[in-house]
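Visitor: Kindly generate the corresponding structure for this input.
(one chain, ligands or ions: 1)
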Amino acid sequence: MSYDPQNVFARILRGELPCVRVYEDAATLAFLDIMPQTEGHTLVLPKEPAATLLDLSPEAAAATIQTTQKVARAVQVAVGAEGLLISQFNGAAAGQTVPHVHFHILPRWEGTRLKAHAREKADPDQLELLAERIIAAL
Ligand code: 5GP
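Guide: Model (predicted):
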C-alpha cells in the first residue's frame with residue numbers, strides 16, 4: 001500500500017485536523033477513536049509516514065509498541081477494563097480504512113460485544129472527559 005500524505009491520520013499528525021489526544025512523544029501519538037467500538041477505544045500511531053506495519057522502520061515499530069503498552073495500561077485503569085484487545089490491520093482486505101499504520105486499544109468486559117467498526121460517532125464532550133481520565137492514569 002503506497003503512503004497517501006492526505007490520509008486523515010497524516011492530517012491529524014500535521015495539526016490540520018483535531019483529535020482528542022491522550023499521549024504524545026517524539027515518535028508517537030495516541031488519541032481516542034472518533035467512532036469507538038467500546039468505551040476507551042484508543043488509537044496509537046507512529047509519526048513516521050508508513051501505510052502498514054510492514055512499511056514501518058524497526059525503530060518506529062519499537063516506539064509504537066512501547067507507546068501502545070504504556071497507553072493501554074492507562075486505558076485499562078481509566079475504564080476498569082477486564083481485558084484489552086489490541087488489534088492492527090494491514091491493507092483494505094484486512095479491514096484497514098485509514099492508510100497510516102496504527103494500533104487499536106479496545107477495552108473488553110466479559111459478556112459485552114464490540115460495536116461495529118468505524119460506524120457511530122461518539123459525543124465529543126464524553127471523549128474529552130474520558131481522555132482526562134486516561135491522562136490522569138498515565
Ligand atoms: P482502521 O480500519 O484503519 O484500522 O481504523 C481506523 C479507525 O480510525 C477507525 O476505528 C475509525 O473509527 C477511526 N477514525 C477514522 N477517522 C477518524 C478521525 O478523523 N479521528 C479519529 N480520532 N478517529 C478516526
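
Visitor: What parts of the protein come near the ligand?
Guide: By Cβ under 6 Å from any ligand atom, the residues of the chain that approach the ligand are 8, 19, 31, 33-35, 43, 89, 95-98, 118. Backbone N, C-alpha and C define where each C-beta goes, glycine included.

Visitor: Make a ChimeraX selection of the buried ones in the residues you listed.
Guide: Buried residues within these, by 16 or more other Cβ atoms under 10 Å, are selected in ChimeraX with:
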select :8,19,31,33,34,43,89,96,98
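
Visitor: What sits closest to the residue positioned nearest the centre of the chain if chain neighbours are left out?
Guide: Per Cα atoms, centre = their mean, the C-alpha nearest to the average position across the chain is that of residue 43, at 0.3 Å. Distance criterion Cβ to Cβ, 6 or more residues apart in numbering; nearest residue to residue 43, sequence neighbours excluded, is residue 102 at 4.9 Å.

Visitor: pLDDT wise, what is the one you found at?
Guide: On pLDDT, residue 102 comes in at 98.

Visitor: doesn't residue 90 make contact with it?
Guide: No - assessed by Cβ atoms under 8 Å, residue 102 is found out of contact with residue 90, at 10.6 Å.

Visitor: of the two, who's got more company?
Guide: Ranked by neighbour count (other Cβ atoms under 10 Å), residue 102 and residue 90 place residue 102 first, with 24 against 16.

Visitor: For stretch 15-26, list every residue counted as buried.
Guide: So, applying 16+ other Cβ under 10 Å, buried residues of stretch 15-26: 19, 20, 22, 23.

Visitor: oh sorry, the question was meant for stretch 86-95
Guide: Result for stretch 86-95 [16+ other Cβ under 10 Å]: buried residues 88, 89, 90.

Visitor: what's the closest of these to the ligand?
Guide: The ligand has its nearest neighbour among the buried residues of stretch 86-95 in residue 89, at 4.2 Å by Cβ to the nearest ligand atom.

Visitor: Residue 95 is in contact with the closest one, correct?
Guide: Yes - counting by Cβ under 8 Å, residue 89 touches residue 95, with 4.4 Å between them.
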